[in-house]
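Visitor: I'd like to go over a predicted model; first the sequence, then the structure.
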Amino acid sequence: MKKVVIFDMDGVLIDSEKVYAKWAEEFLLQNGATLTEETRRKLVGSSYLKTGCIMADAWPCPISPAEVLERFRESQKKHSINYREIMVPQAETVLHNLSEKGLILALASSSPTETIEKVMHQTELGDYFDLIVSGEEFEESKPNPEIYLSVLGALNCTAEECIVVEDSEYGIAAGKAAGIYVVARRESELPVCQKEADVIIDSLDEIETCLGRFDRGDI
């Protein structure tokens, strides 16, 4: 029986991946960078530091990831985002239902702590989580499984007692490397391969169905 559900944030609870991808692609194109399908795929779900490395590789001339990120941060000042408006419609109901059933809920996101706090404040989802962890707390973020292994340790549970809800290739790989059953929320608009997930769902509502199958021993 599963007792812990670990959620990714971007692309799972909020539809932010499309917004971030648009900002990153516009920034690269405006600076003469090469925007290949491979670059677009690598950017989805990448941590902030990894994003800098990907952008530097696509840059038209030699540049450090740190300098790219500095320029990217400057360009982002013209953008604003209301996370409540892009919250996945079923997110609050699903978190409420899982919490009511006594499940332990954790959030493990590659986003910086500052961004996570802003999202939790605007969406009012923060109170549902027993533990919130940012990828910037570790030397390497996803696909390194360390973030998920740290959640298991903090909650004193085994991988077999958990499921992970992800969307990106990095997140799916991290969850699988930690030995956890991975549920992927389907992404059809961005170039993401989700085939390594144990199951792909179209709606967060289906998480409860997955848990029910575990309880019955169907999985």
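Guide: Thanks, I have it.

Visitor: And the helices in the protein, which stretches?
Guide: 17-30, 37-43, 48-58, 65-76, 91-100, 113-123, 146-155, 169-177, 206-216 (DSSP state H).

Visitor: just checking, residue 170 touches residue 42?
Guide: No: with contacts counted by C-beta atoms under 8 Å, residue 170 stays clear of residue 42, the gap being 9.0 Å. Backbone N, C-alpha and C define where each C-beta goes, glycine included.

Visitor: When these two are compared, which one has more neighbours?
Guide: residue 170 (23 against 20; other C-beta atoms under 10 Å).

Visitor: Now do the contacts for that one.
Guide: 45-47, 50, 110, 141-143 (C-beta atoms under 8 Å, 6 or more residues apart in numbering).

Visitor: ok, these vs residue 75, which is closest?
Guide: residue 46 (16.9 Å; C-beta to C-beta).

Visitor: tell me the contacts of that closest one?
Guide: 54, 110, 168, 170.

Visitor: and it, what pLDDT?
Guide: The score at residue 46 is 87. That number is its pLDDT.

Visitor: Output the contacts of residue 170 in JSON lines; the columns should cover distance to residue 130.
Guide: Output for those, formatted as JSON lines (distance: C-beta to C-beta, whole Å):
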{"residue": "45", "distance to residue 130": "24"}
{"residue": "46", "distance to residue 130": "27"}
{"residue": "47", "distance to residue 130": "23"}
{"residue": "50", "distance to residue 130": "27"}
{"residue": "110", "distance to residue 130": "20"}
{"residue": "141", "distance to residue 130": "21"}
{"residue": "142", "distance to residue 130": "20"}
{"residue": "143", "distance to residue 130": "24"}
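
Visitor: quick one: which of the residues you listed has the most company?
Guide: residue 45 leads the contacts of residue 170 on contacts (other C-beta under 10 Å) with 30 neighbours.

Visitor: Name the nearest residue to that one, sequence neighbours excluded.
Guide: residue 168 (2.4 Å; C-beta to C-beta, 6 or more residues apart in numbering).

Visitor: confidence score at the one you found?
Guide: In this model, residue 168 is scored at 94, pLDDT.

Visitor: right, and it touches residue 42 too?
Guide: No: if you go by C-beta under 8 Å, residue 168 and residue 42 don't touch, sitting 10.2 Å apart.

Visitor: so how far is residue 67 from the residue of the chain positioned farthest from its centre?
Guide: Largest separation from the mean C-alpha position in the chain: residue 61, at 30.4 Å (C-alpha atoms, centre = their mean). Look at residue 61 and residue 67: by C-beta to C-beta, to the nearest Å, they are 11 Å apart.
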